[in-house]
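[1] using only what follows, build the 3D model:
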Amino acid sequence: MNDPDLLNLTQPDLVREVHDAYFAAGADITTTNTFTATSIGQADYGLENAVYDMNYAGACIARESAGDRFVAGSVGPLNIALSLSPRVDDPGYRTHSFAEVKATYAEQIGALADGGVDLLLIETIFDPLNAKAAIMAARETAPDLPLWISVTIVDLSGRTLTGQTTEAFWASIEARRAADRRRQLLARCEGMRPYVADLSRIAPCLVSCHPNAGLPNAFGGYDETPDVPSTLLREFALDGFLNVVGSCCGSHPEHTKAIVEAIRGLGASSRSAAAARDVLQRPRDVRDR
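    Residues are numbered from 1 along each chain as shown. This is a model prediction of the structure:
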């Protein structure tokens with residue numbers, strides 16, 4: 001069984017050690033170990049009834065590790081898409097309805113909120129309809145939690161899996177009034193510049209970038225050393241593109257440490273001051289941290 005979210009219930013000390021390692025490296029925010037902890041995702045393992053417990057435990061473990069730092073509740077992509085049919089001969093077919101996807105996200109988000117997360121990270125978005133369902137669920141289930149939205153560009157075409165450009169994706173979610181939107185791209189860091197620049201140009205909110213440690217090699221590992229993403233993220237920050245930086249797939253605490261050292265002393269983009277004020281107007285327990 002390859003179900004890492006189950007470790008929140010079976011190996012909580014192991015999960016806590018991972019959070020501790022990244023905080024020790026200088027991270028200000030950790031994400032919960034709940035990337036696939038939805039009833040749709042857990043149906044592959046017959047663990048739909050354990051979804052609340054997985055998310056609640058994941059939030060509590062991260063919260064204990066964080067202390068006065070931040071916990072982002074990880075709301076990952078699903079293994080289904082509302083925008084695409086899984087049947088090539090039936091383009092109108094869908095395995096789930098919008099209401100069902102929204103409900104599965106609401107269940108996860110409610111548990112993360114109960115567990116004490118500071119914000120919600122709707123991440124690795126490849127389908128705008130899935131994203132809209134998650135955003136609606138978040139606004140109805142946990143309206144006081146800031147939203148952080150991460151879109152994935154699948155290759156150097158600059159488009160999502162469903163074919164959207166940066167501008168099209170922004171237009172599709174702009175009305176949802178998320179407090180913070182960020183970019184995640186499944187490409188080498190040096191290929192991210194034009195897409196990060198585009199988003200920082202069109203989005204009047206906080207923008208961040210957290211690259212993978214390169215692309216997976218033939219064995220499924222990642223080869224990019226910490227100096228590569230840290231150097232490029234520093235360049236992006238100096239160019240005024242970003243308010244938050246971090247790392248994603250294939251990265252280790254060493255990557256976080258290198259990024260912290262690379263951006264130490266740099267100011268965030270002043271372009272997003274209004275969005276920052278919106279985040280700071282959140283409930284006191286979040287604002288103080």
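[2] where does pLDDT dip in the stretch 51-200 of the chain?
    Scanning the stretch 51-200 of the chain for pLDDT under 70 picks out 154-156, 161, 163, 174-190.
[3] all strands of it, in order?
    If you assign secondary structure with DSSP state E, counting those that start in this stretch, the strands in the stretch 51-200 of the chain sit at 70-75, 119-125, 147-153, 180-185.
[4] among those, show me which one is buried the most.
    Highest mean neighbour count among these (mean count of other Cβ atoms under 10 Å): strand 70-75, with a mean of 26. Just so you know, the C-beta spots here come from the backbone N, C-alpha and C atoms, and that holds for glycine as well.
[5] direction included, what does that strand pair up with?
    Strand 70-75 has its sheet partners listed here by DSSP bridges as strand 29-31 (parallel), strand 119-125 (parallel).
[6] closest to T141 out of those strands?
    Distances from T141 to each of the strands paired with strand 70-75 were compared using Cβ to Cβ; the shortest belongs to strand 119-125, at 9.4 Å.
[7] what about the closest residue in space to A59 that isn't next to it in sequence, how many residues nearby?
    With Cβ to Cβ, 6 or more residues apart in numbering as the criterion, A59 has its nearest non-adjacent residue at 2.5 Å, and that residue is G115. Under the neighbour criterion other Cβ atoms under 10 Å, G115 is assigned a count of 22.
[8] wait, G115 sits on Y52?
    No - contact criterion Cβ atoms under 8 Å: G115 and Y52 do not qualify, at 9.8 Å.
[9] before we move on, back to that, what about the strands paired with strand 70-75, which gets the closest to L84?
    strand 119-125 (13.5 Å).
[10] what angle do that closest one and strand 147-153 make?
    Here strand 119-125 runs at an angle of 10 degrees relative to strand 147-153 (axes from the mean of the first three to the mean of the last three Cα atoms, to 10 degrees).
[11] G92 contacts P86, doesn't it?
    No - taking contacts as Cβ under 8 Å, G92 lies outside contact range of P86: 11.6 Å.
[12] have a look at these two and say which one is more surrounded.
    Per other Cβ under 10 Å, whichever of G92 and P86 has more neighbours is P86, with 10 against 6.
[13] for the nearest residue to H210 once chain neighbours are set aside, what are its contacts?
    In this structure, H210 finds its nearest non-sequential neighbour in G246, 3.8 Å apart by Cβ to Cβ, 6+ apart. With contact taken as Cβ atoms under 8 Å, 6 or more residues apart in numbering, G246 is in contact with 27, 29, 208-210, 256, 259.
[14] I173 now?
    Counting by Cβ under 8 Å, 6+ apart, I173 touches 128, 131-132, 135, 149, 181.
[15] pipe these into CSV and attach distance to S172 per row.
    Putting the contacts of I173 into CSV (distance: Cβ to Cβ, whole Å) gives the following:
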residue, distance to S172
P128, 4
A131, 8
K132, 7
I135, 10
I149, 11
R181, 12
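[16] so after the helix or strand hosting R234, what's the next helix or strand?
    In this assignment (DSSP states H and E), R234 forms part of helix 227-238. Tracing the chain C-terminally past helix 227-238 and defining elements by DSSP H and E, one meets strand 244-245 next.
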